[in-house]
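Colleague: Sequence plus predicted model, see below.
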Amino acid sequence: MRCTELTEHVTNGTWRCDVCQWGCQLADGDIGRCLVRTGNGQGITILNDGMISAAQVSPIEDHRIWHAFPNAPILAIGGWGYAFPVDQQRGPYGQIPTDDRKNRRLDPDRAAQFALEQLCRGVVWKYSDPSVSHEYVLELLKLSRASSRFTAIVTSGYLTISALDEIGHYLDIMNLDLRAFEDGAYHQLAGITNWRDILKTTAHAYQRWNCHIEVTTQLHPQINDTDEQLKAMSHWICSTLGPQTAWHVLPGDNGAAATASVVRARKLGHEAGLKFIYSGDPNQNTLCPSCGTVVIERNEKRSRIVGLENGQCTTCSEKLSIRTSIFKR
Ligand code: SF4
């Protein structure tokens with residue numbers, strides 16, 4: 001098994017992992033907070049290396065990326081492991097399976113080749129958290145970019161700036177799972193307190209690496225849906241990532257309260273200046289915020305560009321931050 005390269009020797013036999021923001025210090029036999037890395041006395045072993053939990057060819061919209069490469073077929077792929085303890089308890093991809101039949105391996109070069117063979121225009125790391133599968137994600141992104149596929153990650157944003165700087169050159173799109181905007185709420189929903197570092201990493205992805213960023217927030221009544229948090233989230237997205245950033249606000253459960261929270265979030269987000277806020281309905285069109293022309297038509301089966309040319313609305317020429325080229329700005 002390979003060892004983590006983003007490490008620092010701390011003391012005799014103990015190494016710090018710099019892949020995600022936990023920064024675990026692991027001696028021989030210690031297991032990281034992610035449960036997928038372990039100290040071996042000489043470094044840190046990657047237990048989930050080369051393992052795949054799920055892979056599927058699907059439209060990019062299925063992964064809540066709505067303002068980049070509309071209707072593009074992509075290879076969605078994921079491994080095992082989450083950075084957040086809450087996800088390890090609830091999520092299906094938290095633990096490496098002990099049953100060998102579920103323990104599938106697929107090297108990054110085979111995954112990139114498979115995307116090509118399936119005529120996918122891009123690859124998206126989804127399902128598990130890319131923050132704790134850094135080495136695999138880096139290789140997959142590099143190989144995919146080398147064959148002119150675009151690349152994306154759906155992420156908690158808990159990777160370190162050092163890890164981001166390794167993948168940034170090869171990363172086109174990031175969908176940030178922004179859980180909350182307050183200490184207690186973030187702790188309840190993710191089990192962390194240093195959530196503001198997620199904002200810094202995301203801003204770095206946008207400013208340093210020109211990544212196209214979309215944000216997704218699941219709203220849980222009385223936890224992360226207070227007016228204060230929704231306003232603060234909206235202001236942060238608007239001022240840091242720009243008013244044209246797509247914000248997907250989804251009900252965290254099936255209750256009427258969560259649906260009402262989504263309606264309120266959209267209202268507050270628009271008041272803060274955000275131009276594109278989507279709920280869970282897959283049939284929402286994208287309208288030009290300036291003249292109201294439909295620029296992307298969307299239904300459950302497909303989406304298509306109908307009013308966009310060279311990045312501008314075909315009716316009023318408003319410049320829209322919708323990504324359709326693999327070339328970065
Ligand atoms: S990936 Fe994160 S949680 Fe896992 S060992 Fe490294 S720092 Fe710890």
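Modeller: Sure thing, it's come through. Since the model is a prediction, treat every value here as computed from it, not as a measurement. Numbers count the residues shown, from 1 in each chain.

Colleague: Local confidence estimate at residue 90?
Modeller: Looking at residue 90, its pLDDT is 80.

Colleague: Give me the neighbour count for it.
Modeller: For residue 90, the count of nearby residues is 10 (other CB atoms under 10 Å). From N, CA and C alone the C-beta is placed, and that goes for glycine too.

Colleague: Equivalent analysis for residue 258, please.
Modeller: Using other CB under 10 Å: residue 258 sits among 18 other residues.

Colleague: cool, and the one 5 residues further on?
Modeller: Other residues lying near residue 263 total 11 when counted by other CB under 10 Å.

Colleague: Within the helices and strands, which one has it?
Modeller: Here residue 263, judged by DSSP states H and E, is contained in helix 256-272.

Colleague: Equivalent analysis for residue 277, please.
Modeller: strand 276-278.

Colleague: got a list of contacts for that strand?
Modeller: With CB atoms under 8 Å, 6 or more residues apart in numbering as the test, strand 276-278 has contacts from 66-67, 244-249, 265-266, 269-270, 284, 286, 289.

Colleague: For residue 232, which non-adjacent residue is spatially closest?
Modeller: residue 181 (4.5 Å; CB to CB, 6 or more residues apart in numbering).

Colleague: Give me the angle between the longest strand belonging to the chain and helix 256-272.
Modeller: For the chain, the strand that runs over the most residues, judged by DSSP state E, is strand 212-219. Relative orientation of strand 212-219 versus helix 256-272 (axes from the mean of the first three to the mean of the last three CA atoms, to 10 degrees): 140 degrees.

Colleague: Residues in contact with the helix or strand just after strand 212-219: which ones?
Modeller: Next along the chain after strand 212-219, taking DSSP H and E as the criterion, comes helix 227-236. Residues from elsewhere that reach helix 227-236 (CB under 8 Å, 6+ apart): 178, 180-182, 185, 199, 217, 247, 264-265, 268-269, 271-274.

Colleague: Using PDB, write out every CA atom in stretch 101-114.
Modeller: Provided in PDB are the C-alpha atoms of stretch 101-114 (Å, rounded to 0.1, in the frame of the first residue of the first chain):
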ATOM      1  CA  ARG A 101     -17.100  -8.800  -2.900                       C
ATOM      2  CA  LYS A 102     -17.800  -5.100  -2.200                       C
ATOM      3  CA  ASN A 103     -14.200  -4.200  -2.300                       C
ATOM      4  CA  ARG A 104     -13.700  -3.200  -5.900                       C
ATOM      5  CA  ARG A 105     -10.500  -1.800  -7.300                       C
ATOM      6  CA  LEU A 106     -10.100   0.400 -10.200                       C
ATOM      7  CA  ASP A 107      -6.800   2.200 -10.900                       C
ATOM      8  CA  PRO A 108      -7.100   5.900 -11.800                       C
ATOM      9  CA  ASP A 109      -5.800   5.300 -15.400                       C
ATOM     10  CA  ARG A 110      -8.500   2.700 -16.000                       C
ATOM     11  CA  ALA A 111     -11.100   5.000 -14.600                       C
ATOM     12  CA  ALA A 112      -9.900   7.900 -16.900                       C
ATOM     13  CA  GLN A 113      -9.800   5.400 -19.900                       C
ATOM     14  CA  PHE A 114     -13.300   4.200 -19.000                       C
END
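
Colleague: That's all I had, so thanks and see you.
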